[in-house]
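> sequence below, structure please.
(4 chains)
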Number of protein chains: 4
Amino acid sequence: MKNASRSNLKNRLYVIIFKSNTPAGKLFDVALLVVIIVNLLAVMFESIDYYRSNYGYWLRAIEWMITALFTIEYALRIWVLNKKSKYIFSFYGIVDLLAILPSFIGLFIAGTHLLVVIRTLRLLRIFSVFQLSNYTKQGNFILRSIASSWSKISVFLLSVIAVITVIGTLMYLIEGAENGFKNIPISIYWTIVTITTVGYGDISPATPAGQFLASIAMIIGYSIIAVPTGIITAEAMKSKKQSITCPRCFSDKNTEENNYCSTCGFLLKKE
Amino acid sequence: MKNASRSNLKNRLYVIIFKSNTPAGKLFDVALLVVIIVNLLAVMFESIDYYRSNYGYWLRAIEWMITALFTIEYALRIWVLNKKSKYIFSFYGIVDLLAILPSFIGLFIAGTHLLVVIRTLRLLRIFSVFQLSNYTKQGNFILRSIASSWSKISVFLLSVIAVITVIGTLMYLIEGAENGFKNIPISIYWTIVTITTVGYGDISPATPAGQFLASIAMIIGYSIIAVPTGIITAEAMKSKKQSITCPRCFSDKNTEENNYCSTCGFLLKKE
Amino acid sequence: MKNASRSNLKNRLYVIIFKSNTPAGKLFDVALLVVIIVNLLAVMFESIDYYRSNYGYWLRAIEWMITALFTIEYALRIWVLNKKSKYIFSFYGIVDLLAILPSFIGLFIAGTHLLVVIRTLRLLRIFSVFQLSNYTKQGNFILRSIASSWSKISVFLLSVIAVITVIGTLMYLIEGAENGFKNIPISIYWTIVTITTVGYGDISPATPAGQFLASIAMIIGYSIIAVPTGIITAEAMKSKKQSITCPRCFSDKNTEENNYCSTCGFLLKKE
Amino acid sequence: MKNASRSNLKNRLYVIIFKSNTPAGKLFDVALLVVIIVNLLAVMFESIDYYRSNYGYWLRAIEWMITALFTIEYALRIWVLNKKSKYIFSFYGIVDLLAILPSFIGLFIAGTHLLVVIRTLRLLRIFSVFQLSNYTKQGNFILRSIASSWSKISVFLLSVIAVITVIGTLMYLIEGAENGFKNIPISIYWTIVTITTVGYGDISPATPAGQFLASIAMIIGYSIIAVPTGIITAEAMKSKKQSITCPRCFSDKNTEENNYCSTCGFLLKKE
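Next up is the predicted model:
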């Protein structure tokens, strides 16, 4: 009897916490989003001198209350599920854990409690709350485009890193410590600032040779942005047609447009 | 009789104000554009110390005269129309109202009268004045490309905001107030400056760890620009015509515009 | 007799000056390129203090000699041609005139003689000299891509200018003269620096509200770069297939792939 | 007999050094990668004051040991090969030579020994070591895209250089030495910094006319980035498979990979 009511409670909690298609479930999720935003604002205000000295006590109190709430929520999430490990190691499961850890670590290591901003990632739930399944699909689309062009992009990035290392060292040789290029790591940092066209200007070349090499680095950086853009665009357009697997030869080169398998000639659909 | 002449006047004013295919209507619209540009120049010159102290009186006089003109014009526009609410809540209707409000608000709140630069938006009428309907179509094309890729872009933007918040907080922890990262909002501002590759250099990392994290932020910013570009390009190309398959030869080289199949000459649609 | 020899000389000069497929003609063109580069170097060195004070006399001498050469060349070009006006008003004709004018104007207005750098444009002849007709074709391809997307791009630019004007004025109101935003034109200059992601940092917002608005401007600038890129890419790909005009109905919707006119069914090519 | 064992040794060394599909060959290649990374770290740490003064002796010792290793390796590579010249003038052959030269040149010219960072390029071997032939293919894909759009890009770059030279000279005339535009080469350097949207801010215009011209330069730079991107994207997509038309139904949905027509099932090629 007691067991049944507990299982009953578990079920009701499961629906509230994990589903957002009932009024209670939706309310729970919206409340969660509000709490996260309040939390982020509290962290930001706490970092501003004026608010920390005047309202620091209250801001910390809010943070601890929210941490308590999230800890209880995390415990409940695990409790109500049957396949606990699936949730724990899912993307949202790890984010939920990371969202409460910093507060407790912050008790021992000063400053780290600020890492509660990881709670920002919980905001990504917003898409499931408002049943924006279309948005989740779009997110997957972007990730898939990047993933399928990953081998091209990694070759590109490794080449860029090699170029950056060489230019960084040359700038160190040309400009030297007196112009701010104190050592090779800082020269490489400057080269990244230049190639990515960020250009802080905290360090900038002062000799004609250095300015000449810097100009080359800038033009390289300005030109090569076209390469990843071209790659991703080509992928984004390629991934439009989805492939259909032939039931006879298992070839996946067919698309919806095909009537016959292009590999073995098997009839895929009646006209 | 009096009613008729009033309705007559209304009709003539309607043609002058809202249509630009009569000489009087065109003159009215061109005059409007000239007045807006004179107004913008007056506002800009007034903001420059030298001109304000020497010609301030005249510049203010010009602004008030133009405000009076625009107020009369706005009243006339409403008066001559039968379906008044349709205009009032249209894009141009709201712009026309916003174009006169700041001057009157400026009487009570100092400085806000400068918001008359909203009148710049009235310049967008230029396309309809010179019957550049093609341009309006192009504007719609751009908006449609953005709109149809909006769900992809908003997922992208929300992810970027989450990344920016986390990097901003980490930089605050690493660099701290002594290097300009005074609080989390300023760190987030710096992260936006970096990720968008603007890079003012008013704040820049000074510790090796900060420079390393900054380098990662820059490379992220430099790389992800490819994502919205890829998305919009794919949309811009998708919105071209869709192909129609010929029922005789199965060629898909035909589009909606074709009357006969371009491969075998089969009649695709009756004229 | 005298007339004949003059016409003979004219012809020989014409071949040397305007054609580059004879040894003499090619030599002439290559000599021209060398002279232009020497000239550019002379102008650059003259602008550097050290070289001006030490070698200024020689550098000016070189410039005047080259100006004399170019003046004679320009006169010869006009003399040897029959259809003089066609050359004078062609792109290269105007560039050739602009290349000699600054030196003479420089006699009356100090500094303007430096505008001889317009001679750089003469270097574009390099493509015709080395019979790089393919390159000329590519240049035309780029220009055509830009031209055919011009109506889209101009709508885009006008909207961007309106946004820049409004943001610039708001920044002037928010930040004011004490933070470097001295007047609206300078605020607009700053907004352009920000939206184009250049970000000098000579002026940068200091108030939280200003930094917030700046962040929005940066994100706008970072996002909208995708729009012209998408437009030009779509154009660059569209302009691949050239249309064929149907001899019966004058429709230009057919491409090389079509056997029958897609509008009237007329047989375009035999199989 | 002696000859045979030497040829035997040669063969075994050849497999170890040039092939990575045996355990020994793979071990050799991985060891090489580790040594290169150790070497790069040693060079970087040596450039940092603190480490040079404390551990300089050991860091130099590591560098010389690695140089010795690489010299021996380079000699062995040449020795074991039959077609020596093919390797020596291949990309990797030149990189391997450049990787050892700086250390020896550094004995005579101070500082140049730091150019051993060219060894970074040896890291590109990583792709062949882990049999990432797919990555090599992708690298070739990128290079081919760039190569086939090279004529377009070079026309574009030459035009940009002409524009940069003219804007640079105009800025020198407008701003002059008192605002940091000391001479034309520095003005051109500033123009490159601006057009590529890097924007250090070490030099920035201070006069209204200069700021106006700078704004134009920025807008040019911001807009023309779309051109190379569009070109490369178009190339990246063109290099996808070409379609094959089915001789029975004239469908062009088939590619080289298809054995049977995907529309009517007709046999396109014998296996």
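> for the longest helix seen in chain A, what is the average pLDDT?
If you go by DSSP state H, chain A has its longest helix at helix A:49-80. The average pLDDT for helix A:49-80 rounds to 89.
> same check, this time on stretch A:194-213
90.
> now do stretch A:154-161
79.
> hmm, it in reach of chain D?
Yes: using CB under 8 Å from any CB of the partner chain, stretch A:154-161 reaches chain D at A:154-156, A:158-159, A:161. All C-beta spots, glycine's among them, are computed from the backbone N, C-alpha and C.
> run a quick neighbour tally on residue A:62.
19 (other CB atoms under 10 Å in any protein chain shown).
> circling back to that earlier point, other SSEs contacting the longest helix of chain A?
helix A:2-18, helix A:23-47, helix A:84-88, helix A:91-105 (3 or more CB pairs under 8 Å, 6 or more residues apart in numbering or on different chains; DSSP states H and E).
> any chance of JSON lines for the ones you listed, columns mean neighbour count and distance to chain C?
Converted to JSON lines, the helices and strands packed on helix A:49-80 look like this (neighbours: other CB atoms under 10 Å in any protein chain shown; distance: least, CB to the nearest CB, whole Å):
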{"stretch": "helix A:2-18", "mean neighbour count": "13", "distance to chain C": "34"}
{"stretch": "helix A:23-47", "mean neighbour count": "17", "distance to chain C": "11"}
{"stretch": "helix A:84-88", "mean neighbour count": "13", "distance to chain C": "35"}
{"stretch": "helix A:91-105", "mean neighbour count": "16", "distance to chain C": "24"}
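> in a markdown table: those, plus distance to chain B.
Shown next, in a markdown table, are the helices and strands packed on helix A:49-80 (distance: least, CB to the nearest CB, whole Å):
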| stretch | distance to chain B |
| --- | --- |
| helix A:2-18 | 22 |
| helix A:23-47 | 4 |
| helix A:84-88 | 21 |
| helix A:91-105 | 10 |
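> how far away from the center of its chain is the longest helix of chain A?
Put simply, helix A:49-80 sits 24 Å off its chain's centre (CA atoms, centre = their mean, to the nearest Å).
> okay, the helices and strands packed on helix A:49-80 in JSON lines with distance to residue A:214 next?
Putting the helices and strands packed on helix A:49-80 into JSON lines (distance: least, CB to CB, whole Å) gives the following:
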{"stretch": "helix A:2-18", "distance to residue A:214": "55"}
{"stretch": "helix A:23-47", "distance to residue A:214": "36"}
{"stretch": "helix A:84-88", "distance to residue A:214": "50"}
{"stretch": "helix A:91-105", "distance to residue A:214": "40"}
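> how about low-confidence regions in chain A?
A:1-4, A:20, A:111, A:113-114, A:124-142, A:145, A:236-271 (pLDDT under 70).
> let me see the contact set for whatever residue of it ends up closest to chain C.
When scored by CB to the nearest CB, chain A has residue A:201 as its residue closest to chain C, at 5.7 Å. The contact partners of residue A:201, by CB atoms under 8 Å, 6 or more residues apart in numbering or on different chains, come to B:199, B:201, C:200-201, D:199-202.
> could you rerun that using 7 Å?
B:201, C:201, D:200-202 (CB atoms under 7 Å, 6 or more residues apart in numbering or on different chains).
> just the ones of the residues of stretch A:154-161 next to chain D in helices?
Using DSSP H, the residues of stretch A:154-161 next to chain D in helices are A:154-156, A:158-159, A:161.
> top of those by neighbour count?
Of these, with other CB under 10 Å as the count, residue A:155 tops at 24 neighbours.
> circling back: distance to chain B for the residues of stretch A:154-161 next to chain D - can I get that in JSON lines?
Listed next are the residues of stretch A:154-161 next to chain D as JSON lines, based on distance: CB to the nearest CB, whole Å:
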{"residue": "A:154", "distance to chain B": "11"}
{"residue": "A:155", "distance to chain B": "14"}
{"residue": "A:156", "distance to chain B": "9"}
{"residue": "A:158", "distance to chain B": "13"}
{"residue": "A:159", "distance to chain B": "14"}
{"residue": "A:161", "distance to chain B": "9"}
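> between those residues, which is nearest residue D:53?
Closest approach between these and residue D:53, by CB to CB: residue A:161, at 28.7 Å.
> please tell me how far the spatially closest residue to that closest one that is not a sequence neighbour sits from chain B.
In this structure, residue A:161 finds its nearest non-sequential neighbour in residue D:120, 7.7 Å apart by CB to CB, 6 or more residues apart in numbering or on different chains. For residue D:120, the distance to chain B (CB to the nearest CB, to the nearest Å) stands at 16 Å.
> ok, residue D:120 touching residue D:41?
No: applying CB atoms under 7 Å as the test, residue D:120 and residue D:41 come out as separate, 11.6 Å apart.
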